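Trainee: give me a 3D structure for the following:
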Amino acid sequence: MSGDFGEPPSLRERYIFHGRVQGMGFRYTTASIAKRFSVVGYVKNLSDGTVELVVEGSQAMVCGFLNEIASAFREHISESDRTVLDSPEQFTGFEIRS
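Mentor: Next comes the predicted model:
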């Protein structure tokens, strides 16, 4: 029996966080949390007061990363919208965008 059991498939997802998520360190804390997980992407404030997060990594890494964000900001996030992306953009790390 043969098969390729390489890296698990990578997820790329976009989240929009609603609530009191700007002006309280959300982007910097999220970037700090990303360092503890094997994820790439970015976090960015949007003009409507929400925060955009694009993250890519294995399912386990993305889930762990998102759980840490949810825990750190449970008092600030009122809801989030999730979109699965199939984007050609290549990320080399995790960054804060303006």
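
Trainee: check which element follows the longest helix along the chain along the chain.
Mentor: The helix spanning the most residues in the chain, taking DSSP state H as the definition, is helix 59-72. Later in the chain than helix 59-72, the nearest helix or strand by DSSP states H and E is strand 77-84.

Trainee: that next one - contacts with which helices or strands?
Mentor: Contact analysis of strand 77-84 by 3 or more CB pairs under 8 Å, 6 or more residues apart in numbering; DSSP states H and E lists strand 10-19 as its packing neighbours. Every C-beta, even on glycine, is put in place using the N, C-alpha and C of the backbone.

Trainee: show me what counts as buried in the helix or strand following the strand it packs on.
Mentor: In the C-terminal direction, the helix or strand that comes right after strand 10-19 (DSSP H and E) is helix 26-34. Within helix 26-34, the residues that qualify as buried are 26, 27, 30, 33, 34, counting by 16 or more other CB atoms under 10 Å.

Trainee: please apply the same query to stretch 51-70.
Mentor: For stretch 51-70, burial by neighbour count (16+ other CB under 10 Å) applies to 51-58, 61-62, 64-66, 68-69.

Trainee: quick test: name the residue nearest the centre of the protein.
Mentor: Note on the chain: the residue nearest the mean C-alpha position is residue 55, at 3.8 Å, using CA atoms, centre = their mean.

Trainee: got a markdown table for the buried residues of helix 26-34, with pLDDT too?
Mentor: As requested, the buried residues of helix 26-34 are arranged in a markdown table below (pLDDT from 0 to 100):
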| residue | pLDDT |
| --- | --- |
| 26 | 97 |
| 27 | 98 |
| 30 | 98 |
| 33 | 98 |
| 34 | 98 |
